[in-house]
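*Asks:* model this:
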Amino acid sequence: MTEPGVGPNAPGNMRTLVLSNDLDETREIISTAYSPYRLSVLGDPKEFSAWYAEGSFPGVTVSGLQYGAETLVAPQPLDSYLLVCQLVRGRVKVVSPGREERVVGPGETYVLDPYRRFQVHWAPGARMTTVRLARETIEQAAADVLGVEGPLRARFTLSGTISPSAARSWAGISAAVHREVLGEGVARSSPLVATQLTQTTAAMLMETHQLVTDGVDAQRPGVVAHPAVRRAMAAAEERADQPLTLSDLAAAGRVSPRALQEAFRRHLGTTPLGYLREVRLGRAHEELLAARGRADVTVAEVAYRWGFGNLGRFAGEYRRKYGHAPSRTLRG
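*Replies:* I've put the predicted structure just below:
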């Protein structure tokens with residue numbers, strides 16, 4: 001086995017942790033990376049090989065995994081996190097004992113939630129990438145999408161994306177996560193951008209894959225009085241420099257996330273996170289004004305500090321609101 005480092009197929013900030021022909025060594029290391037699991041070679045043990053690499057920023061881990069022989073993996077439930085798995089090449093058969101079974105091919109995805117037991121039968125040479133999200137992130141995103149209070153046990157079928165358009169949407173957010181995690185994206189240095197990307201990824205998962213929540217129905221949002229909106233607005237203004245979520249604003253407003261969204265739409269014509277973005281845009285404008293004429297301040301660092309990871313989009317929104325480019329404000 002190689003020492004941890006960049007393996008022959010590991011891009012950017014992905015570190016190779018396993019490059020080995022040793023079954024026991026592979027089992028020990030990957031069990032530590034994921035969860036304790038049984039690893040069996042179904043073909044000739046002499047043909048066994050394994051490669052595992054990963055990269056991360058707070059909230060998301062991206063990994064790559066390949067087995068060179070016909071292999072059976074049977075982990076314990078993941079418990080503290082969820083995996084979205086996508087085949088790069090080859091095929092696997094994933095089985096949730098007593099529930100589901102599916103053969104997955106190149107480009108297709110499946111979700112392993114934190115609660116189920118499962119087995120994955122790898123064809124020789126099959127390779128996949130995974131996106132790992134924390135259980136609490138997923139459970140809060142499930143509650144948000146269904147408009148219920150608090151975290152919600154979020155189970156998924158093995159059926160993959162729910163439609164071709166959902167597959168394209170997931171491919172888009174997955175590509176963004178890979179770029180940010182494995183490249184030198186701003187999310188690696190901006191906690192605000194990292195948090196927003198993680199939340200967007202979790203929300204996109206809810207919309208693109210089949211969520212199973214036994215006994216839970218989406219609640220119709222009620223009419224929320226202006227005080228709830230004002231409380232959420234105050235939280236957005238007082239804590240704009242913090243990685244606030246929709247749930248955080250709803251908690252400040254003392255209502256459910258779904259109800260707060262409806263209240264903002266009705267009373268302000270926007271969303272809670274849309275309002276927060278406008279507040280942050282205003283703070284960036286104030287900072288640029290205060291730094292006018294200073295050579296040691298750049299538009300990019302101000303934008304990133306206030307959670308704007310896409311400089312082109314930031315410039316467009318800034319021009320829409322203030323009538324000129326942010327660089328003009330800074331130059332004076």
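
*Asks:* every contact and neighbour count from this point should use C-alpha atoms.
*Replies:* Fine.

*Asks:* how far off centre is stretch 188-206?
*Replies:* On the basis of Cα atoms, centre = their mean, to the nearest Å, stretch 188-206 sits 5 Å off its chain's mean C-alpha point.

*Asks:* would you mind pulling the contact partners of it?
*Replies:* 57-60, 133, 137-138, 141-142, 145, 169-170, 173-174, 177, 180-181, 186-187, 241-243, 245, 304-309 (Cα atoms under 8 Å, 6 or more residues apart in numbering).

*Asks:* element containing the nearest residue to V302 once chain neighbours are set aside?
*Replies:* Computed as Cα to Cα, 6 or more residues apart in numbering, the closest residue to V302 that is not its neighbour in sequence is A284, at 6.1 Å. Element membership for A284 (DSSP states H and E) is helix 272-290.

*Asks:* for L249, which non-adjacent residue is spatially closest?
*Replies:* With sequence-adjacent residues excluded and distances taken as Cα to Cα, 6+ apart, L249 is closest to A232, at 5.1 Å.

*Asks:* other SSEs contacting the helix or strand harbouring the one you found?
*Replies:* Using DSSP H and E, A232 sits in helix 226-238. Here helix 226-238 touches helix 246-253, helix 257-268, helix 272-290, going by 3 or more Cα pairs under 8 Å, 6 or more residues apart in numbering; DSSP states H and E.

*Asks:* mind listing what's buried in the longest one?
*Replies:* I take that to be helix 272-290. Applying a neighbour-count criterion of 16 or more other Cα atoms under 10 Å, one finds 272-273, 275-285, 287-289 buried in helix 272-290.

*Asks:* and the residues you listed, which is closest to W51?
*Replies:* In terms of Cα to Cα, no member of those lies closer to W51 than L273, at 40.4 Å.

*Asks:* could you measure that closest one against D79, distance?
*Replies:* L273 sits at a distance of 30 Å from D79 (criterion: Cα to Cα, to the nearest Å).

*Asks:* show me the helices in the stretch 1-150 of the chain, by range?
*Replies:* Taking DSSP state H, counting those that start in this stretch as the criterion, the stretch 1-150 of the chain contains helices spanning 23-33, 135-146.

*Asks:* who touches the shortest one?
*Replies:* Helix 23-33 is contacted from outside by L17, V18, S20, Y37, R38, L39, F48, S49, A50, Y52, using Cα under 8 Å, 6+ apart.

*Asks:* ok, what's across the strand from the last one?
*Replies:* Meaning Y52. Here Y52 sits in beta bridges with V18, L65, as judged by DSSP bridges.

*Asks:* contacting residues around it?
*Replies:* Going by Cα under 8 Å, 6+ apart, Y52 touches T16, L17, V18, L19, I30, S63, G64, L65, Q66.

*Asks:* now these as a markdown table including pLDDT and distance to R127?
*Replies:* Putting those into a markdown table (pLDDT from 0 to 100; distance: Cα to Cα, whole Å) gives the following:
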| residue | pLDDT | distance to R127 |
| --- | --- | --- |
| T16 | 91 | 14 |
| L17 | 90 | 16 |
| V18 | 91 | 14 |
| L19 | 93 | 14 |
| I30 | 86 | 15 |
| S63 | 94 | 11 |
| G64 | 94 | 7 |
| L65 | 94 | 6 |
| Q66 | 95 | 4 |
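
*Asks:* farthest pair in those?
*Replies:* Spanning the widest gap among these are L19 and S63, at 13.7 Å by Cα to Cα.

*Asks:* quick one, which of these two is more surrounded?
*Replies:* When neighbours are counted by other Cα atoms under 10 Å, S63 comes out ahead of the other of L19 and S63, with 23 against 19.

*Asks:* low-confidence ranges in this structure?
*Replies:* Scanning the chain with the threshold set as pLDDT under 70 gives 1-12, 147-150, 214-226.

*Asks:* in it, which spans are strands?
*Replies:* 15-20, 37-41, 50-57, 60-67, 71-75, 81-89, 92-96, 100-104, 109-112, 119-122, 127-134, 155-161, 209-212 (DSSP state E).

*Asks:* let's have those in TSV, adding distance to A203.
*Replies:* As requested, these are exported to TSV (distance: least, Cα to Cα, whole Å):
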stretch	distance to A203
strand 15-20	27
strand 37-41	29
strand 50-57	18
strand 60-67	14
strand 71-75	26
strand 81-89	13
strand 92-96	24
strand 100-104	23
strand 109-112	14
strand 119-122	26
strand 127-134	11
strand 155-161	14
strand 209-212	10
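
*Asks:* of these, which is nearest V299?
*Replies:* Each of those was checked against V299 via Cα to Cα, and the shortest separation belongs to strand 50-57, namely 23.9 Å.

*Asks:* just the angle between the closest one and strand 127-134, please?
*Replies:* Interaxial angle of strand 50-57 relative to strand 127-134 (axes from the mean of the first three to the mean of the last three Cα atoms, to 10 degrees): 40 degrees.
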